[in-house]
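> I would like the atomic coordinates for the input below:
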Amino acid sequence: MKRILIIGGYGHVGQKIARRLVAAGRTVTLAGRDGAKAATVAARLGCEGTVLDLDHPGSWAEPLSTATVVICCLDTPSADLARAVLERGARYIDISATDAVLRRIEELDGLAREQRTLAVLSVGLAPGLTNLLVQEARAQCPEAIRFRIGVLLGLGDSHGPAAIDWTLRNLAPIASGDIQPMRFGHDRRARPTIPFDFSDQHSLMRRGFPKVETRLALASPLISPLTLKVLAWMAGRPALRKALTVGMPFLKIGSDRAALVVEAYTKNDEAPACRLTLEGREEAEITAQVAAEIAIRAEDMQGQGVRHIDDLLRLPDIAGALSAQHVSYSGAKE
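Prediction:
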């Protein structure tokens, strides 16, 4: 029996992935260090729960033994879990946005090929859909010398504590020159954006793309260049960062909008030659939609090795899944 194992499955995004896969008729098991919590959440979703503690490899063998596809929703401290999955010949999917995590897994490409199996990285909104947008922009503007990615996340959205903590930890100190305006979707006014260390920019350039930069904007009336600087300052102080992580889920001032823009430039000092956008709601739901779609496709994908989503698919290939999540796409040469 084909079984999809979701590690971190009772977390914010893991549950959303599981709900979609169960609805699609897949056999799903949620795994995490708290077996009781996994079982409780799984029962509510109509699947199974089990224990898998990343810190205790002895807990891995049993849940991995029955899995044909494994989705990891946690940042792993090493590539050992991915290695264990690939050694069994199962398919591995990782939704991490941390480049160090993905680089470690990339080193398992030879193992995956030996086992004739597949690991898919950069799965979600950013990275994931951002990779596919850059790929599309490059196809439309092959002469582009650089790409700029904008990621807009809504402060009125529901974000899990792990995602909030990860975002705050990755907020670097901001100088005035770091803040640049970017326009999302059909907005008339640009929003302030800051450099942000999503993995997409790094993995794309490692695989032959020209310069790629990813920038973050937050959809809220509270956000201005000044408040972005204050937020980054607070995030750099552990006590304040902890307070923000606890308090931000309750401080929903803004929308649940999630939007992407990719600009392709053929000359550094001119307007973009190509501008592509994606627009939707609820970032975690979009990430879950993409991850579930890849998990279903992974069972029959012909590729082998460790691949990023843009190595395997084009944006039109998942148009149906995006439409089901009410995500709209637009873009053409300027």
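> Quick check: buried residues in stretch 167-185?
Buried residues in stretch 167-185, counted by 16 or more other CB atoms under 10 Å: 167-168, 171, 174, 178-180, 182-184. Heads up, the C-betas are built off the backbone N, CA and C, glycines and all.
> Any chance you could list what contacts it?
For stretch 167-185, the surrounding residues in contact (CB atoms under 8 Å, 6 or more residues apart in numbering) are 148, 150, 152, 159, 189-197, 215, 217, 225, 228-229, 231-233, 235-236, 241, 244-245, 259-261, 263, 277, 279, 330.
> One more: stretch 264-277?
With CB under 8 Å, 6+ apart, stretch 264-277 has contacts from 133, 136-138, 140-141, 143-148, 184-185, 259-263, 329-334.
> May I see the PyMOL selection of the buried members of the contacts of stretch 167-185?
In PyMOL syntax, the buried subset of those is picked out as below (16+ other CB under 10 Å):
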select buried, resi 148+150+152+159+191+192+193+194+195+196+197+215+217+228+229+231+232+235+241+244+245+259+260+261+263+277+279
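> List the ones among the contacts of stretch 264-277 that fall in helices.
133, 136-138, 140 (DSSP state H).
> Redo those residues as a markdown table? Include distance to Thr50, neighbour count and pLDDT.
Shown next, in a markdown table, are the ones in helices among the contacts of stretch 264-277 (distance: CB to CB, whole Å; neighbours: other CB atoms under 10 Å; pLDDT from 0 to 100):
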| residue | distance to Thr50 | neighbour count | pLDDT |
| --- | --- | --- | --- |
| Leu133 | 36 | 26 | 97 |
| Glu136 | 39 | 20 | 96 |
| Ala137 | 42 | 26 | 96 |
| Arg138 | 42 | 21 | 96 |
| Gln140 | 45 | 16 | 94 |
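> Leaving out the residues flanking it, which one is nearest to the residue nearest in space to the middle of the chain?
Taking CA atoms, centre = their mean as the criterion, Gly124 is the residue nearest the geometric centre of the chain, at 3.6 Å. Closest residue to Gly124 apart from its sequence neighbours, by CB to CB, 6 or more residues apart in numbering: Thr287 at 3.7 Å.
> Output the contacting helices and strands for the one helix or strand the one you found maps to.
Using DSSP states H and E, Thr287 sits in helix 283-298. Under the contact definition 3 or more CB pairs under 8 Å, 6 or more residues apart in numbering; DSSP states H and E, helix 283-298 sits against helix 12-23, strand 69-72, strand 91-94, strand 118-121, helix 319-324.
> Pick the most deeply packed of these.
Across the helices and strands packed on helix 283-298, averaging neighbours per residue (mean count of other CB atoms under 10 Å) puts strand 69-72 on top, at a mean of 28.
> Contacts for the very next helix or strand once past that one, please.
Using DSSP H and E, the helix or strand that follows strand 69-72 towards the C-terminus is helix 80-87. For helix 80-87, contacts defined as CB under 8 Å, 6+ apart pick out 7, 54, 57, 60, 64, 67, 70, 72, 76, 91-92, 94, 104-105, 108, 111-112, 115, 117, 119.
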